[in-house]
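>>> Predicted coordinates and the sequence they were generated for:
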Amino acid sequence: MRRRHREGSLAVFPGSFDPITNGHLDIVARGLALFDRVRIAILVNPEKKPLFSVQERVEIIRGTYPGNRRVEVDTFSGLLVDYAEKVGASVIIRGIRAISDFEFEFQMALMNRRLNPRIETVFMMPAESYSYVSSRLVKEVFQLGGRVSDLVPELVERRLFEKYGAPVRPVRARMRRRAG
Ligand code: PNS
């Protein structure tokens, strides 16, 4: 009976995903434990200058979930609640990594509820090991020569290499290599 209630349930997981991280993947996995389908919805925001174009982000995320029919990938613009309503989702999933995320997320959730009370926001916590992982830090660390392989799917790391070329190695490491 409970199962029948959940059948066909769809949750939207919105964000910038520039790029998607293992923290996001962790939230998707948790979402799939509660809902039949999770739709990753990438915001098209002309005001932001992303590293990966919207099309590239769609490709990356599709490539991260090959053949998984429970994970859908889409783009949206305009109000998130309007998008959720249009695709028949009654739930928005957002990940909360730390208390610092909470204030803004709480504000957004309440605004979204005011805009459309039929859509519920569900906050999910990723594994602690991802609590410090963000798309912004991944890009910065990669660019400066840090290892990100445990923080993003392999496909993202490959795309980062294509985008930035070989990461900048710290000066001392370069000097050590030359001396050796
Ligand atoms: O990954 P991000 O950048 O934290 O995601 C933010 C996102 C896309 C969830 C948020 O900016 C959003 O929902 N934008 C759509 C416009 C909208 O509905 N604004 C009102 C929200 S209160």
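That came through, no problem.
>>> Pairing partners for the residue of the chain found nearest the ligand in the sheet, please.
Nearest to the ligand in the chain, going by Cβ to the nearest ligand atom, is residue 15, at a distance of 3.1 Å. (Each C-beta comes from the backbone N, C-alpha and C, glycine too.) In this entry, residue 15 is beta-bridged to residue 42, by DSSP bridges.
>>> buried set for stretch 156-170?
For stretch 156-170, a neighbour-count test (16 or more other Cβ atoms under 10 Å) marks 156-157, 159-160, 167 as buried.
>>> okay if I get the residues you listed as a markdown table plus pLDDT, secondary structure and distance to residue 58?
Converted to a markdown table, the buried residues of stretch 156-170 look like this (pLDDT from 0 to 100; DSSP: H, G, I helix; E, B strand; the rest coil; distance: Cβ to Cβ, whole Å):
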| residue | pLDDT | secondary structure | distance to residue 58 |
| --- | --- | --- | --- |
| 156 | 98 | helix | 13 |
| 157 | 97 | helix | 18 |
| 159 | 97 | helix | 12 |
| 160 | 97 | helix | 17 |
| 167 | 64 | coil | 25 |
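>>> What about residue 31, how many residues nearby?
Counted with other Cβ atoms under 10 Å, the neighbours of residue 31 add up to 23.
>>> which residues touch it?
Applying Cβ atoms under 8 Å, 6 or more residues apart in numbering, we find residue 31 in contact with 11, 13, 38, 93, 124.
>>> ok, which stretches of the protein are helices?
Secondary structure of the chain by DSSP state H: the helices cover 2-6, 22-34, 54-64, 80-87, 99-115, 135-143, 154-164, 171-179.
>>> distance between the second one and the chain's centre?
Yep, that's helix 22-34 we're talking about. Distance of helix 22-34 from its chain centroid, counting by Cα atoms, centre = their mean, to the nearest Å, is 10 Å.
>>> sorry, back to before: can you list the buried residues of stretch 156-170 in TSV and add distance to residue 51?
Shown next, in TSV, are the buried residues of stretch 156-170 (distance: Cβ to Cβ, whole Å):
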residue	distance to residue 51
156	11
157	13
159	9
160	8
167	14
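>>> Now do residue 145 against residue 35, distance only.
For residue 145, the distance to residue 35 (Cβ to Cβ, to the nearest Å) stands at 39 Å.
>>> I'm done for today, thanks for sticking with me.
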